[in-house]
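Participant: generate a structure from the sequence data that follows.
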Amino acid sequence: MLVVSSPSGAGKTTLCKMLLAQHDDLVMSVSATTRPPREGEQHGSDYFFVSPDEFKHMQDENQLLESASVFGNHYGTPSEPVEKLLNEGKDILFDIDWQGAEQLSEACGDNICKIFILPPSGHMLEKRLTSRATDSRAVVVKRMSAAAREIDHWSQYDYVIINDDLDIAWNELNAVFVAERHKTNRLVFLPEFVQTMLDELK
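Facilitator: Predicted coordinates:
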């Protein structure tokens, strides 16, 4: 389970898309949210769009691995699809904030790797947010304040990548993912594989 977090505008979405395109057996976790769908977003593909009452029911029934409130909307990771993918031997990519990452760590223990993406500077982050031309100045200021709170939790992550150059950041992200995949405790086929080899060598 690979968690990638960052403040808005640090390039997390682009890097995650690049990682997914490279690895066929890496699957994006789909979050539930109470916010309305944006143009082009599909229920069950981009998000599970639910009402506030449905979201509360999921929380009350312990159907969420993690949940958080962001800009007045609720987000959470439904547990059932994640468990199904893990049982199928898939790796899962989570695009969640520090609150979600912390809850996921508590729920899943060692079966998780957390990576934080930092912008090269605060000024560059503001420039990226402003250049989107999709948010008002008031929204950009709000996102900058939220970014400061998010960045303050960098030390809770296993790895930190500074996205100054996209190609370098992508190579670093991919290297971490591949290395984490090869940890001995994650290679579930390894005991049988090694035993077969030892039998062949006798």
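
Participant: buried stuff in the helix-or-strand element of the chain with minimal mean pLDDT?
Facilitator: Every helix and strand of the chain was ranked by mean pLDDT, DSSP states H and E. The lowest is helix 122-131, at a mean of 81. Neighbour-count burial for helix 122-131 flags Leu125, Glu126, Arg128, Leu129 (criterion: 16 or more other C-beta atoms under 10 Å). (Glycine included, C-beta is placed from N, CA and C.)

Participant: flag every buried residue along stretch 36-56.
Facilitator: Tyr47, Phe48, Phe49, Val50, Phe55.

Participant: also stretch 95-108?
Facilitator: Across stretch 95-108, burial judged by 16+ other C-beta under 10 Å covers Asp95, Ile96, Asp97, Trp98, Gln99, Gly100, Ala101, Glu102, Gln103, Leu104, Ser105, Ala107.

Participant: stretch 136-156 now?
Facilitator: Buried residues in stretch 136-156, counted by 16+ other C-beta under 10 Å: Val140, Arg143, Met144, Ala147, Glu150, Ile151.

Participant: which of the buried residues of stretch 95-108 sits closest to Asn163?
Facilitator: Relative to Asn163, the closest of the buried residues of stretch 95-108 is Asp95; by C-beta to C-beta it sits at 14.5 Å.

Participant: residues contacting that closest one?
Facilitator: If a contact means C-beta atoms under 8 Å, 6 or more residues apart in numbering, then Asp95 has Val4, Ser5, Lys12, Thr13, Cys16, Met28, Ser29, Ser31 as its contacts.

Participant: now a ChimeraX select for only the buried ones of those.
Facilitator: Command for ChimeraX that selects the buried part of the contacts of Asp95, burial taken from 16+ other C-beta under 10 Å:
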select :4,5,12,16,28,29,31
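
Participant: how far away is Val27 from Trp98?
Facilitator: 22 Å (C-beta to C-beta, to the nearest Å).
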